[in-house]
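[1] Let's see this in three dimensions:
(one chain, ligands or ions: 1)
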Amino acid sequence: MTAEQTSLPREPGAPVPAIQVRGLHKHYGRHEVLQGIDFQVDAGQVVCVIGPSGSGKSTLLRCVNRLEEPTSGEILIEGIDICDRRTDLDDIRSRIGMVFQQFNLFPHLSVLKNLTLAQRNVRRRSKDEAVEIARQTLAKVGLSDKESAYPAHLSGGQQQRVAIARALSMNPDMMLFDEPTSALDPELVGDVLAVMKELAQEGMTMMVVTHEMGFAREVGDHLVFMDGGVVVEEGRPADVLSHPQHERTQSFLSKVL
Ligand SMILES: Nc1ncnc2c1ncn2[C@@H]1O[C@H](COP(=O)(O)OP(=O)(O)OP(=O)(O)O)[C@@H](O)[C@H]1O
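    Here you go, the predicted structure:
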């Protein structure tokens with residue numbers, strides 16, 4: 001069963017945002033990791049989230065597809081309240097592709113099988129259809145020649161591109177990336193960012209937790225700076241990166257840029 005669409009205030013006729021977060025709190029015991037987060041991602045937009053280690057970026061992302069349960073607040077995916085008990089979380093998660101820092105591929109399966117497994121089990125596609133879609137998405141990330149390889153025989157960058165292809169093969173409405181290049185050797189980062197840039201250019205809705213300020217500036221439509229579990233500053237990436245208004249943003253950027 002799917003919960004009814006909730007009605008946060010919107011302009012009449014305005015499209016439903018892909019992601020809306022309102023007053024989100026997350027506690028781990030007494031530690032309040034998210035202290036009232038508000039933000040929105042519109043369909044087709046690329047929103048990058050930056051901030052120091054421990055500021056709550058991953059926790060925010062994990063709340064958005066309910067890998068973590070928020071303590072309080074609202075999260076709407078395409079207008080559907082995912083904190084409502086009546087919401088079918090499997091349906092919501094199937095609309096969201098997730099790419100992690102560690103690629104999370106099945107080591108005992110070939111690249112092709114890594115891509116067909118969830119399609120068969122979750123999307124209930126026939127074997128032929130799953131293989132065809134897997135091959136299309138592998139071609140998209142430039143790895144057609146690796147379908148028989150096992151993850152251990154690929155570079156980190158190739159493994160991450162397989163992970164992106166796997167998420168894409170599920171035909172998601174949006175993609176969440178949690179520091180997708182942080183575990184990569186520097187020379188492998190560019191290939192992964194290039195795939196992400198292409199996705200953005202094709203209009204994929206994306207929320208990207210990243211330390212890659214160049215990507216945020218070039219590809220991002222919107223930049224959110226988090227610190228201490230709150231959104232300190234947000235705006236157009238070029239504005240936030242070149243003219244940060246808040247002292248905490250200035251201090252963070254002076255260390256990373
Ligand atoms: N499952 C958990 N149980 C308890 N504390 C947690 C848990 N997950 C995260 N935390 C704590 O929440 C805080 C925020 O963690 P989070 O991973 O969201 O930060 P981050 O901004 O993504 O950091 P990084 O850039 O280092 O990945 C940290 O202090 C972390 O130790």
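
[2] Please, where are all the strands along the stretch 151-257 of the chain?
    Listed from the start of the chain, the stretch 151-257 of the chain has strands (DSSP state E, counting those that start in this stretch) covering 174-178, 205-209, 222-227, 230-235.

[3] I'd like to know which elements the third one is packed against.
    Counting contacts by 3 or more Cβ pairs under 8 Å, 6 or more residues apart in numbering; DSSP states H and E, strand 222-227 packs against strand 31-41, strand 46-50, strand 230-235, helix 237-242, helix 247-256. Yep, even glycine has a C-beta here, placed from its N, CA and C like the rest.

[4] For Arg161, which of those is the nearest?
    For Arg161, the closest of those is strand 46-50, at 18.1 Å, according to Cβ to Cβ.

[5] Could you show which parts of the chain are in contact with the ligand?
    Residues of the chain found near the ligand (Cβ under 6 Å from any ligand atom) are 28, 31, 33, 51, 53-59.

[6] Select only the buried ones of those residues in ChimeraX?
    Only the buried entries of those go into this ChimeraX selection, using 16 or more other Cβ atoms under 10 Å:
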select :33,51,55,56,57,58,59
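
[7] from the residues of the chain next to the ligand, which two are the most distant?
    Of all pairs drawn from the residues of the chain next to the ligand, the one with the longest distance (Cβ to Cβ) is Tyr28 and Gly51, at 17.5 Å.

[8] Cys83 and Pro70 touch, don't they?
    Yes. Under the criterion of Cβ atoms under 8 Å, Cys83 is in contact with Pro70, at a separation of 6.1 Å.

[9] who has more neighbours, the two?
    Each of Cys83 and Pro70 had its neighbours counted (other Cβ atoms under 10 Å), and the higher figure belongs to Pro70 (23 against 17).

[10] Return the set of buried residues in the least confident helix or strand in the chain by mean pLDDT.
    Averaged element by element with mean pLDDT, DSSP states H and E, the chain has its least confident helix or strand at helix 89-94 (a mean of 91). For helix 89-94, burial by neighbour count (16+ other Cβ under 10 Å) applies to 92-94.

[11] export those residues to TSV and tack on distance to Val46?
    Output for those, formatted as TSV (distance: Cβ to Cβ, whole Å):
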residue	distance to Val46
Ile92	21
Arg93	21
Ser94	21
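
[12] Phe177: which of the residues you listed is nearest?
    If you rank those by distance to Phe177 using Cβ to Cβ, Arg93 comes first, at 15.6 Å.

[13] Next, the contact list for the closest one, please.
    Taking Cβ atoms under 8 Å, 6 or more residues apart in numbering as the criterion, Arg93 is in contact with 65-66.

[14] swap the cut-off to 10 Å and go again
    Neighbour list for Arg93: 65-67, 77, 82, 122, 170, 172 [criterion: Cβ atoms under 10 Å, 6 or more residues apart in numbering].

[15] just Lys140 next, same as before
    Counting by Cβ under 10 Å, 6+ apart, Lys140 makes contact with 161, 164-165, 168-169, 195, 198-199, 202.

[16] Most neighbours among those, please name it.
    Across these, neighbour numbers were computed from other Cβ under 10 Å; Arg161 holds the maximum, 29 neighbours.

[17] quick one: that residue and Thr87, what's the gap?
    Going from Arg161 to Thr87 by Cβ to Cβ, to the nearest Å gives 32 Å.
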